[in-house]
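In: generate coordinates for the sequence data below:
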Amino acid sequence: MPLKKIERNVHTEYRTWKLENISETFAKVDTCKIDSSVGPVEETYFFSTNFQDHEIDWYVKLDFRFNELHSGFQIYFDAVEKLKPKNHVTCNFYLVDADENKFFIGRKNRKFDSTYCYGPAVGYSIIQNQAKLPNTKDKLLPNDTLTLLIELNIYLDENPIFPLEELFCQIEQVVNLDDISHLYPLKGDGDIEIYVQGVKFSVHKTVIEIRCPTLSKIIGDHQQMSDNNNNQLVVTDIMPEIFERVLEFIYTGKVKDLDDHAESLLEAASKYKLLGLKYMCELSLTNHYLTYESAEEVKKLAVRCVSLMLVINADSIISESCTSQMDFSCTRDGTLIITKPSGKKKVYKDRFKKPFPDGIKILPY
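Out: Numbering: from 1, shown residues only. Predicted coordinates:
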């Protein structure tokens, strides 16, 4: 059964942070390679939100540093006053290039209630490999400026499900699509014909060779085995409308309505080893399809498509669902009793001392 797309009850706000003269920042980081006593280079951006008459100040900090594996930056995000937020939030981070394209680089989650801030410690790391920046400097860092788009999502559901922080990507070398994307409207004039369940697609052999080596190899193997019509390939295990979107990604690096077809596109991306498309589908499925009810099905899809991060997200939701169905109680001597939905109990003696945590029932003895 196809996964059902859901709509989150979310209020979203955006902020753009431009860091000029970024080459000077990286030059300071390079100094750390020589002189270990030089500390990290830090830049901090503060912004405020006012939602439902509740004003909150936030900060985003970039911590530029060098270590043996990477040279780049970490992103930190949190509320300035941790007890102020009332809603759960996520903060997504994107690099914006010279053509206003957004490249998702990671997210930070924050779970809040009216009295207590909890969740992972501040400092989740998003590392940008600096070694890859010079090849894309003019595109990713136009005018020597790093542009960070900050997307703050305020969840209005009582018990929202939002993606794990671990779902992030390192910015790889950006393929210059300027010389390819203009061919997409002209793909009907291509020199290779691909028939997908009777629907003909004409593509340019050179584009496929550059952007999808796996499909190029399938075409090449077919040509070697065919005596006639060696510029034609028949594909039967994908729907034409999905293959059309695969070609859209191959030519342009984007899919306009990806969220509506993320499940099928993930399977196609896995088959053709299109890592960029696969990642985009993982993000879409996590944001728009993953719920307590669908977590098992999402996990099966993730295993089938070898999507590790989607498996981790689904497992987390499954675990959270199981935990929410457990009964937590405590005797007055500090013994914790966990009762599973099956009725099976686990007893942990001397687990708590007064005062007992909120949300745990206190038994007479």
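In: contacting residues around stretch 45-53?
Out: 11, 13, 15, 17, 55-61, 80, 148, 150, 152, 154 (C-beta atoms under 8 Å, 6 or more residues apart in numbering). In this view, the C-beta of every residue, glycine as well, is placed from N, C-alpha and C.
In: apologies, that question was intended for stretch 291-300.
Out: With contact meaning C-beta under 8 Å, 6+ apart, stretch 291-300 is reached by 1, 3-4, 6, 161, 285, 289-290, 310-311, 313-315, 317-318, 320-321.
In: give the rounded mean pLDDT of that stretch.
Out: Mean per-residue pLDDT for stretch 291-300: 89.
In: that older thread, and the two most separated of the contacts of stretch 45-53?
Out: His11 and Lys61 (23.6 Å; C-beta to C-beta).
In: can I get the top strand by length along the chain as PDB, trimmed to CA atoms?
Out: Using DSSP state E, we find that the single longest strand of the chain is strand 54-66. C-alpha atoms of strand 54-66 as PDB (Å, rounded to 0.1, in the frame of the first residue of the first chain):
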ATOM      1  CA  HIS A  54       5.100  34.900  22.500                       C
ATOM      2  CA  GLU A  55       8.400  36.500  21.600                       C
ATOM      3  CA  ILE A  56      11.500  34.300  21.600                       C
ATOM      4  CA  ASP A  57      15.100  35.200  20.900                       C
ATOM      5  CA  TRP A  58      17.200  32.600  19.100                       C
ATOM      6  CA  TYR A  59      20.900  32.300  18.100                       C
ATOM      7  CA  VAL A  60      22.700  30.400  15.400                       C
ATOM      8  CA  LYS A  61      26.500  30.100  15.800                       C
ATOM      9  CA  LEU A  62      29.000  28.900  13.200                       C
ATOM     10  CA  ASP A  63      32.100  27.500  14.800                       C
ATOM     11  CA  PHE A  64      34.900  27.300  12.200                       C
ATOM     12  CA  ARG A  65      37.600  24.900  13.100                       C
ATOM     13  CA  PHE A  66      40.200  22.400  11.800                       C
END
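In: that older thread, mind checking which of the contacts of stretch 291-300 land in helices?
Out: Residues from the contacts of stretch 291-300 lying in helices, with DSSP state H as the criterion: 285, 310-311, 313-315, 317-318, 320-321.
In: buried only: go through those residues for me.
Out: Buried members of these, counted by 16 or more other C-beta atoms under 10 Å: 285, 310-311, 313-314, 317.
In: mind putting these into TSV with pLDDT and distance to Tyr348?
Out: Output for these, formatted as TSV (pLDDT from 0 to 100; distance: C-beta to C-beta, whole Å):
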residue	pLDDT	distance to Tyr348
Leu285	90	36
Leu310	87	33
Val311	89	29
Asn313	83	29
Ala314	86	28
Ile317	81	25
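In: circling back to that earlier point, more crowded one of His11 and Lys61?
Out: Taking neighbours as other C-beta atoms under 10 Å, His11 and Lys61 compare with Lys61 leading, 17 against 14.
In: hey, what's the more buried one bridged with?
Out: In this entry, Lys61 is beta-bridged to Thr44, Tyr76, by DSSP bridges.
In: contacting residues for it?
Out: Going by C-beta under 8 Å, 6+ apart, Lys61 touches 42-45, 75-77.
In: now Glu151: how far from Asp138?
Out: According to C-beta to C-beta, to the nearest Å, Glu151 and Asp138 sit 25 Å apart.
In: quick one, which of those two is more surrounded?
Out: Glu151 (16 against 13).
In: and the angle for the helix or strand hosting that one with strand 54-66?
Out: Taking DSSP states H and E as the definition, Glu151 sits inside strand 146-155. Using axes from the mean of the first three to the mean of the last three C-alpha atoms, to 10 degrees, the inter-axis angle of strand 146-155 relative to strand 54-66 is 140 degrees.
In: neighbouring strands - and their directions - for strand 146-155?
Out: strand 10-19 (antiparallel), strand 89-96 (antiparallel).
In: hang on, the earlier thing: and which of the buried ones among the ones in helices among the contacts of stretch 291-300 is nearest to Arg107?
Out: Taking those together and measuring to Arg107 by C-beta to C-beta, the closest member is Asn313, at 11.7 Å.
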